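Participant: Next one to model:
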Amino acid sequence: MKIAHMSDLHYSATNLAESNRCFGAAVDHAIEIGVQVAVITGDATDHALDAHEPAFRDLAKQIQRLADHCPVLMLQGTFSHEPPGLLRVLELVGARHPIAVADRIGQIALVQGQWHSNGLTWDAPADLVVTCLPTVNKADLIATVGAEHAAAEVGQALHQLLTLFGTVNARLFAQGVPTLLIGHGTVDGCLTEHGVPMAGQDHEFNLGSLFQANTDAVALGHIHKQQEWRREFAGRRQLIAYAGSIGRFHYGEDGDKSALIWDIHPGQAEYAVFVTPARVTLDLHFDGPPDLEAIRELGQRCAGAFVRVRYLVDEEHLQSVDRAAIKAALQGAAEVKLEGKTLVVERQRAAGISTVASLDGKVKMWCEQTQSPFEPLRDRLQALSAETPEAIASSILQRLKARQAARDTPDALGQVPVPAADNPTAPVPPAIDSEVPSWVTEDLFA
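Facilitator: Got it, this is the predicted structure:
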């Protein structure tokens, strides 16, 4: 049985171009290679849509194209993406082959080109039996056992349920019927599209429970990164795989976007990856104000891409970021998104400083609050109060010249000091040159 597996289409007004281009390419490929069944494992829409909206209309057209070629099975996804009942509208789309929606836990069989969901009571031999695990509603469990125990109860209930389905699927395997499990949820330990491991106690699936279902293949949705797990035993191969999202809907997503073409025989399952023409996204990160020259150099490479520029900038340098210039440098990009984070200067107040009459007293209190030395600051404060800027500069230059002259004064033998033979690591005074010596800053501000 050759099955096209697509997931997380996320049709909406915002995603319409990306969803339509990528899903349309996957439908074209499925028709071209002659798949016998197509399954969509949840999140066909990004949020609730009215039936007359362009995004829902285009989704229905693509589903119709697919159903004109082969039977289609759609799984209920996350409720915030697909409100309950939304997918039922698509069952009314007229096509050559049936469109079925699985919004309840159970099994559905493909018998002579028709979907049958009335248990195992069909008369003719089944061509394929699909175990369906749509999004699990935890509300009832929360009301019964409490929020803190709901996740564990869901995992335990699903494990028991899949064990029961495993008994049925084992009989179907003995009869030579291909079996498939489709689900929408998170496998403990899987990776997100951003490369983050999903490890926790509130995930719907674990690998042991999914393998316990005894199906030849497990086709999953919800996680946007394509990945797989395998198990082989007693001459039989079981394979679990996420198809990943059909398109690239967020910045920073790793890897290609894809659909899967499954080839399932009883006891043996394999798949091929079809890479969709997803958009290209680029992230430019700057630990400070964006470097316009670097952005201009990358401008040609960003042509047609979706570019996000992220930067960190101090509060006092915020006005130095020329957002218009950045967009002009990336004018060939399909989209430019600027995300700047301002580092706010935190000021520490010295309690009672306003009650001190003298400036010396205020500075001393500030030094105590910030644990700074007071004497050097007092001397500089007095110089600023009593002398002109020219006199201060002249005094600094005189001290520098005196320091340099002292360093260059010959010793008693009339020679410039050199490291002693028994102390080769002793410092050698720097020679005078036209450049400002490196110790100037130390002398001024030490």
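Participant: for stretch 312-329, how far is the first residue from the last?
Facilitator: For stretch 312-329, the first and last residues are 19 Å from each other (CA to CA, to the nearest Å).
Participant: Give me the contact list for that stretch.
Facilitator: 286-290, 292, 295-296, 299, 309, 311, 336, 338, 340-345 (CB atoms under 8 Å, 6 or more residues apart in numbering). Where you see a C-beta, it was placed from the backbone N, CA and C, and this is true even at glycine.
Participant: avg pLDDT for that stretch?
Facilitator: This predicted structure assigns stretch 312-329 an average pLDDT of 87.
Participant: neighbours of residue 183, just the number please.
Facilitator: Using other CB atoms under 10 Å, residue 183 is surrounded by 29 other residues.
Participant: OK, contacts around it?
Facilitator: By CB under 8 Å, 6+ apart, residue 183 lies in contact with 41, 75, 132-134, 204-205, 210, 218-221.
Participant: If burial is judged by neighbour count, which of these pass?
Facilitator: 41, 75, 132-134, 204-205, 210, 218-221 (16 or more other CB atoms under 10 Å).
Participant: Same list, those, but as a markdown table with secondary structure please.
Facilitator: Formatted as a markdown table, the buried ones among the contacts of residue 183 follow (DSSP: H, G, I helix; E, B strand; the rest coil):
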| residue | secondary structure |
| --- | --- |
| 41 | coil |
| 75 | strand |
| 132 | strand |
| 133 | strand |
| 134 | coil |
| 204 | coil |
| 205 | strand |
| 210 | helix |
| 218 | strand |
| 219 | strand |
| 220 | strand |
| 221 | strand |
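Participant: how about TSV for these, with pLDDT and distance to residue 155 added?
Facilitator: Listed next are these as TSV, based on pLDDT from 0 to 100; distance: CB to CB, whole Å:
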residue	pLDDT	distance to residue 155
41	96	20
75	96	20
132	94	18
133	93	13
134	93	16
204	76	7
205	86	8
210	93	12
218	96	16
219	97	20
220	96	16
221	95	19
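Participant: List just the nearest of these to residue 162.
Facilitator: Set against residue 162, the nearest of those by CB to CB is residue 210 (6.9 Å).
Participant: okay but residue 257 is in contact with residue 243, surely?
Facilitator: No - Residue 257 lies out of contact with residue 243 (CB atoms under 8 Å); the separation is 9.5 Å.
Participant: what about the strands in the stretch 101-250 of the chain?
Facilitator: In the stretch 101-250 of the chain, strands defined by DSSP state E, counting those that start in this stretch lie at 106-111, 114-116, 128-133, 179-184, 217-221, 227-233, 236-242, listed in chain order.
Participant: Using TSV, lay out those strands together with distance to residue 173.
Facilitator: TSV is the format used below for these (distance: least, CB to CB, whole Å):
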stretch	distance to residue 173
strand 106-111	14
strand 114-116	19
strand 128-133	10
strand 179-184	7
strand 217-221	12
strand 227-233	12
strand 236-242	8
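Participant: What distance do you get for the residue nearest to residue 137 when sequence neighbours are not counted to residue 265?
Facilitator: Taking CB to CB, 6 or more residues apart in numbering as the measure, residue 137 lies nearest to residue 79, with 7.4 Å between them; neighbours along the chain are not counted. Residue 79 sits 35 Å away from residue 265, going by CB to CB, to the nearest Å.
Participant: So which bits of stretch 272-280 are buried?
Facilitator: Along stretch 272-280, the positions that meet the burial threshold by neighbour count (16+ other CB under 10 Å) are 274, 276, 278-279.
Participant: and for it, what are the contacting residues?
Facilitator: Looking at stretch 272-280 with CB under 8 Å, 6+ apart, the contacting residues turn out to be 18, 21-23, 25-26, 29, 226, 246-248, 256-261, 263, 304-306, 334.
Participant: so where's the stretch 251-400 of the chain uncertain?
Facilitator: Low-confidence segments of the stretch 251-400 of the chain (pLDDT under 70): 346-350.
Participant: For it, just list every one of the helices.
Facilitator: Using DSSP state H, counting those that start in this stretch, the helices of the stretch 251-400 of the chain run over residues 292-298, 323-329, 359-370, 375-386, 389-408.
Participant: So for the second one, what gets flagged as buried?
Facilitator: Just to be clear, that refers to helix 323-329. Taking 16+ other CB under 10 Å as the criterion, helix 323-329 shows 326, 329 as buried.
Participant: How about the first one?
Facilitator: For helix 292-298, burial by neighbour count (16+ other CB under 10 Å) applies to 295, 298.
Participant: what's next to it, contact-wise?
Facilitator: In this structure, residues lying in contact with helix 292-298 by CB under 8 Å, 6+ apart are 284, 309, 322, 325-326, 329-330.
Participant: Now the two most distant members of those.
Facilitator: Distances among the contacts of helix 292-298 were taken as CB to CB; the most separated pair is 284 and 322, at 14.8 Å.
Participant: more crowded one of these two?
Facilitator: For residue 284 versus residue 322, the count of surrounding residues by other CB under 10 Å is larger for residue 284: 19 against 13.
Participant: So which of the helices of the stretch 251-400 of the chain is nearest residue 14?
Facilitator: Nearest to residue 14, of all the helices of the stretch 251-400 of the chain, is helix 323-329, at 20.1 Å by CB to CB.
Participant: wait, what's in contact with residue 94?
Facilitator: Applying CB under 8 Å, 6+ apart to residue 94 gives the contacts residue 64.
Participant: Surely it is within a helix?
Facilitator: No - read with three-state DSSP, residue 94 is coil and lies in no helix.
Participant: who touches the residue nearest the centre of the chain in this structure?
Facilitator: The centre of the chain sits closest to residue 194, judged by CA atoms, centre = their mean, with a distance of 3.2 Å. Each residue near residue 194 by CB under 8 Å, 6+ apart is listed here: 252-254.
Participant: returning to what we had before: out of the strands of the stretch 101-250 of the chain, flag the one nearest residue 382.
Facilitator: Distance to residue 382, taken as CB to CB, is lowest for strand 227-233 among the strands of the stretch 101-250 of the chain, at 69.6 Å.
Participant: Quote the end-to-end distance of stretch 222-238.
Facilitator: End-to-end distance for stretch 222-238, by CA to CA: 20 Å.
Participant: again with stretch 49-59
Facilitator: With CA to CA as the measure, stretch 49-59 spans 11 Å from end to end.
Participant: Now do the buried residues in it.
Facilitator: So, applying 16+ other CB under 10 Å, buried residues of stretch 49-59: 49, 53, 55-56, 58-59.
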